[in-house]
Structures are given as C-alpha cells and as structure tokens.
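Novice: can you look at this prediction? I've put the sequence above it.
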Amino acid sequence: MGFRPSHIPLRLATGAFILNSGLGKTALDEGTAGYLQSMAARAIPQVSQIEPQQFGKALAASEIALGSALLAPFVPSRLAGLGLLAFSVGMITMYLRTPGLTEEDGIRPTQEGTAVAKDIWMVGIALSLLLDRKKK
C-alpha cells in the first residue's frame, strides 16, 4: 500500500512536528546532547557508548529523516508507519524507565512526565498507518 488521502492529516501533523524537532537539534551544545543521551540510554542502554555530540547529530539526523519520510507522499504509509512506531516506542520506553516521570503506579505521568507521556499519540498514528488496509 502506498499513500492514501486519508493518511494526509496523520502524516502531515506528525511529520512536521518530528521534522521541526530534528531541525532544532542540529546545533546542540555538548550539555544538551549529553542530557538527551542520558535520557535515551534509559530506553536503549547502548546509546551511552557513543560521544554526546555524535549522539546529538545522530538524533537530529534520525528525526529529520523520519519527519521527511512522513511528509513525502512517495514513501509508502506502512514504511513511514514502521519508522514512526520504532521511534515512538523508544520514546514511551524512555518515559516508563525514567524515575520521576510516572506516578507510583508506573503509568500515569507526573507533572514532569507529561511532556514525554503525550508522545503516546505517535504510537496510535503509527499503528493506524500500519493497520489501514485498502478495501477490496
């Protein structure tokens, strides 16, 4: 399945948001890159093995690539959805593993966790892009 008109709102909103986030990370200072790296390492521990600046550049490039793929109509929706699912599951994993972001129940966000917990919308969009099938 390629690109369907019903996917435009999902891909446009999500793609523009992620692309903007990636562009904003292209000139991270070492402290910010290190902070983001330490957060990401909670979801993917291997991330801590690379230099913070290298991580920051890779993160920016990844977000730019994913945002661009979501915005490009020639990229099949399932492929764009798969990339978005991988990215958003990483974000939710980081949220669930970072102390102080969830209430005692381990799910509901604290005030500090709301900014990351809201990324659950990307999981829903990714699943919609992956599961949508053309009717015969």
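Specialist: Okay, I see it. Residues are numbered from 1 along each chain as shown.
Novice: check contacts around residue 42.
Specialist: When contacts are counted by CB atoms under 8 Å, 6 or more residues apart in numbering, residue 42 touches 93, 94, 97, 98. (C-beta placed from N, C-alpha, C; glycine too.)
Novice: chain neighbours aside, what residue packs nearest to residue 71?
Specialist: Among residues not flanking residue 71 along the chain, residue 15 sits closest, at 3.8 Å (CB to CB, 6 or more residues apart in numbering).
Novice: correct me, but that neighbour touches residue 64?
Specialist: No. Counting by CB atoms under 8 Å, residue 15 does not reach residue 64; the two are 10.6 Å apart.
Novice: neighbour-wise, which of the two wins?
Specialist: Taking other CB atoms under 10 Å, residue 15 and residue 64 do not tie; residue 15 has more neighbours (21 against 18).
Novice: gap between the more buried one and residue 28?
Specialist: 21 Å (CB to CB, to the nearest Å).
Novice: low-confidence ranges, this structure, go.
Specialist: Within the chain, the segments meeting pLDDT under 70 span 1-3, 134-136.
Novice: one more time with 50, if that's ok
Specialist: Applying pLDDT under 50 to the chain flags residues 1, 136.
Novice: run through the helices of the protein in chain order.
Specialist: In the chain, helices defined by DSSP state H lie at 8-24, 30-41, 52-71, 77-97, 114-117, 120-131, listed in chain order.
Novice: now render the ones you listed as TSV, adding distance to residue 105.
Specialist: Converted to TSV, the helices of the chain look like this (distance: least, CB to CB, whole Å):
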stretch	distance to residue 105
helix 8-24	28
helix 30-41	21
helix 52-71	30
helix 77-97	11
helix 114-117	13
helix 120-131	15
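Novice: who wins for proximity to residue 107 among these?
Specialist: Closest approach to residue 107 among the helices of the chain (CB to CB): helix 77-97, 7.7 Å.
Novice: residues in contact with the nearest residue to residue 109 once chain neighbours are set aside?
Specialist: Nearest non-adjacent residue to residue 109, counting by CB to CB, 6+ apart: residue 117, 3.8 Å away. Counting by CB under 8 Å, 6+ apart, residue 117 touches 95, 101, 102, 109.
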